[in-house]
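Visitor: Next come a sequence and a model predicted from it.
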Amino acid sequence: MREKHVLSSAIQSADAYNAIAGHVERDDLSEQGWIIWQCIQHYYDNDSECTRTDPEILGENVARQVSADKHKVMFRDLCADLSGMDTSPANVVDDLLATKREVAGHKLANALLTGGDTSTLMGEYDALMASNSLEQKESTEIRQGLDVCSLCADGFDPEGLVEVWPPSLNQRLDGGVKPGHHLLVFARPEMGKTLAVIEMIAGFVSQGLTVLYVGNEDPMDDVNMRVVNRLSGMNKFEVLNDPSQADTKAREHGYDLLIMASLSPGTAREVTTLIEEHTPDVLVLDQLRNLNMHNDNYVLQLEKAATQARTWAKRYSCVVVSVTQAGDSADGKAVLDLGDVDYSNTGIPAQCDVMIGLGATSKNVQRGEIVMSLPKNKVSGRHEYFAVLVEPTLSQLIPLD
């Protein structure tokens, strides 16, 4: 990889950056190059509408990453030189594609010589040879006259379903959801959104599934403790009194399968990087509305975030569980509907396969329960509602039916 040309192209062209961003890895660049590359990423994350970087601003951002004055000067000069290079971003992208093909070919040849597994490498090599661009394209699936037996066996096998706890919810989903589905949990503040998500996480890890929890709302230590409470069956004070026992019990129930990441508030690119690094079976976004989607219009911001969540579910074949707020209309209401989603009662619902509303009247609160409703349920079509008992010290939902 020609480092200077790659950096120069990314600095001078957002299109070139977007084309190569997913293909530049840490080992591809020098220490200095990696610092500049990270600042380029940050620049475009802050403003997805810009067409190129401002070399002076970029240079100052890069200079802040080092402490020595001589290094600050060196990086400012380097950014200015890269910005002024006479390079062709389109041809740099083509060159990088050729390099990727060459590397893939060498890996495949080595595997053939050593008798290694070539199936994955062959697929990567064929895809690169057939591609005329490094940009990721949405996959298109075309079917005609698919054998119905195959459809039932491959697409609707009960063993391929992902159970969604509590069991009373899973029952109304006809046994679970499939990878590629997007679920939304929404409720008013303090109505149990994170509690419901922790209940789901307990169910996912009990099935041996890897869960990536991306939180940008509550302090991570607080959420982490609540997860330990749920998995160990020990409340906070019992955990603090005997953390070793709590650790053992939590790991017995799948604690090691949970990856927790804290963003503040986080961008789509950062979440994508986490997904590609950890390849989860389930992605939990808590909360969807806090993701920075680079739009000043809050309604459009929410809709873009929901669309991105659905894209992650399909592209990476994982279950995505998003969390967002319900509006004022949900105050004191037990059964929520589509119109109760805060700021987006059309855009967000359109991007979900299942919507799970959490509500309660004053009587529900007195009884220590919340009502789960399904205003949208493309999985089973059952638009029902039901009450569950809340065990707050363990972040647990207990079915009442």
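Guide: Received it, and whenever you're ready, just let me know what you need.

Visitor: Helix, strand or coil: sort out A387 for me.
Guide: strand (DSSP: H, G, I helix; E, B strand; the rest coil).

Visitor: what's the nearest residue to it if we skip its chain neighbours?
Guide: Excluding its sequence neighbours, the residue lying closest to A387 (Cβ to Cβ, 6 or more residues apart in numbering) is E369, at 4.7 Å. (Glycine included, C-beta is placed from N, CA and C.)

Visitor: Number of residues surrounding V177?
Guide: 25 (other Cβ atoms under 10 Å).

Visitor: next one: N18
Guide: N18: 17 neighbours (other Cβ under 10 Å).

Visitor: measure it to A10 for me?
Guide: 9 Å (Cβ to Cβ, to the nearest Å).

Visitor: before we move on, what about N297?
Guide: Counting by Cβ to Cβ, the gap from N297 to A10 is 28 Å.

Visitor: Between these two, which has more neighbouring residues?
Guide: Each of N297 and A10 has its neighbours counted (other Cβ under 10 Å); A10 has more, 27 against 10.

Visitor: Next, count neighbours for the residue nearest to the more buried one when sequence neighbours are not counted.
Guide: Counting by Cβ to Cβ, 6+ apart, A10 lies nearest to Y17, which is 4.1 Å off, once chain neighbours are set aside. Neighbour count for Y17, taken as other Cβ under 10 Å: 24.

Visitor: Also the one 3 residues further on?
Guide: Counted by other Cβ under 10 Å, the residues lying close to I20 total 21.

Visitor: show me what contacts it?
Guide: 6, 9-10, 92-93, 96, 134 (Cβ atoms under 8 Å, 6 or more residues apart in numbering).

Visitor: same thing with A250?
Guide: 227-228, 231-232.

Visitor: Just the ones of the residues you listed in strands?
Guide: Using DSSP state E, no member of the contacts of A250 falls within strands.

Visitor: Nearest to S168 among these?
Guide: L231 (20.1 Å; Cβ to Cβ).

Visitor: residues near that closest one, how many?
Guide: 24.

Visitor: quick one: it and E252, what's the gap?
Guide: Where E252 is concerned, L231 sits at a distance of 8 Å (Cβ to Cβ).

Visitor: next one: L288
Guide: Distance from L288 to E252, by Cβ to Cβ: 32 Å.

Visitor: Out of those two, name the residue with the larger neighbour count.
Guide: Set L288 next to E252 and count neighbours by other Cβ under 10 Å: L288 wins out with 26 against 11.

Visitor: Tell me the confidence at G123?
Guide: At G123, the pLDDT value in this model is 58.

Visitor: Noted, bye for now.
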